[in-house]
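J.: task: produce atomic coordinates for the following.
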Amino acid sequence: MKKIPSFTVNHLKLKRGIYVSRKDQVGDQIVTTFDIRMKAPNREPVLNTAECHTIEHLGATYLRNDPKISDQIIYFGPMGCRTGYYLVMKGDLESKDIVPLVKELYAFMAGFEGDIPGAAARDCGNYLDQNLNMAKYESKKFLHEVLDNIDDSRLIYPN
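T.: Model (predicted):
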């Protein structure tokens with residue numbers, strides 16, 4: 001059986017940060033998958049499903065509506081382990097390339113007011129499982145504790 005590259009990352013050394021998870025050739029383009037790691041794996045509590053779901057709704061809405069990069073966005077969604085998110089973008093990109101974008105994204109989510117986009121029975125398969133206050137809290141925490149002072153130790157996977 002082929003080994004999945006993300007399962008070879010030492011999660012015991014992995015810090016919260018932004019990492020290139022993989023790059024794939026799709027036709028004549030490169031697609032880059034980023035690991036936006038909000039929680040230290042196996043060392044701190046994971047995101048609860050309600051705030052995880054809300055961050056997914058807010059993040060996808062922001063990224064797909066940002067006129068500077070919306071045409072590069074393929075996917076934004078949670079990891080099954082609930083320690084972060086995958087962001088899939090067109091282009092041969094590095095973690096440092098998207099730091100400004102991720103800062104803008106988390107600032108948007110930390111300050112979001114109003115109705116959660118897509119959080120209605122008609123639009124979402126589990127629309128009641130949302131928590132805007134905790135999504136804002138977790139976004140602000142990640143923004144200030146990680147993104148505001150990010151360095152290479154949080155941009156390149158550990159050996």
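J.: quick one, helices of the protein?
T.: 49-65, 95-110, 132-145 (DSSP state H).
J.: ok, and for the shortest one, which residues are buried?
T.: This points to helix 132-145. 132, 134-136, 138-139, 142-143 (16 or more other CB atoms under 10 Å). For every residue, glycine as well, the C-beta is placed using N, CA and C.
J.: list the buried residues of stretch 58-68.
T.: Of the residues in stretch 58-68, 58-63, 66 count as buried by neighbour count, 16+ other CB under 10 Å.
J.: and which of those residues is nearest residue 20?
T.: Among the buried residues of stretch 58-68, residue 63 lies closest to residue 20 (CB to CB), at 17.2 Å.
J.: for the closest one, what are its contacts?
T.: Applying CB atoms under 8 Å, 6 or more residues apart in numbering to residue 63 gives the contacts 69-70, 73, 76, 87, 105.
J.: for this structure, which spans come out with low pLDDT?
T.: 4-5 (pLDDT under 70).
J.: re earlier: dump the contacts of residue 63 into JSON lines; add neighbour count and distance to residue 22 as well.
T.: As requested, the contacts of residue 63 are exported to JSON lines (neighbours: other CB atoms under 10 Å; distance: CB to CB, whole Å):
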{"residue": "69", "neighbour count": "16", "distance to residue 22": "19"}
{"residue": "70", "neighbour count": "11", "distance to residue 22": "22"}
{"residue": "73", "neighbour count": "19", "distance to residue 22": "17"}
{"residue": "76", "neighbour count": "23", "distance to residue 22": "16"}
{"residue": "87", "neighbour count": "25", "distance to residue 22": "12"}
{"residue": "105", "neighbour count": "25", "distance to residue 22": "20"}
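J.: any chance of JSON lines for the residues you listed, columns distance to residue 39?
T.: Putting the contacts of residue 63 into JSON lines (distance: CB to CB, whole Å) gives the following:
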{"residue": "69", "distance to residue 39": "25"}
{"residue": "70", "distance to residue 39": "27"}
{"residue": "73", "distance to residue 39": "23"}
{"residue": "76", "distance to residue 39": "17"}
{"residue": "87", "distance to residue 39": "16"}
{"residue": "105", "distance to residue 39": "17"}
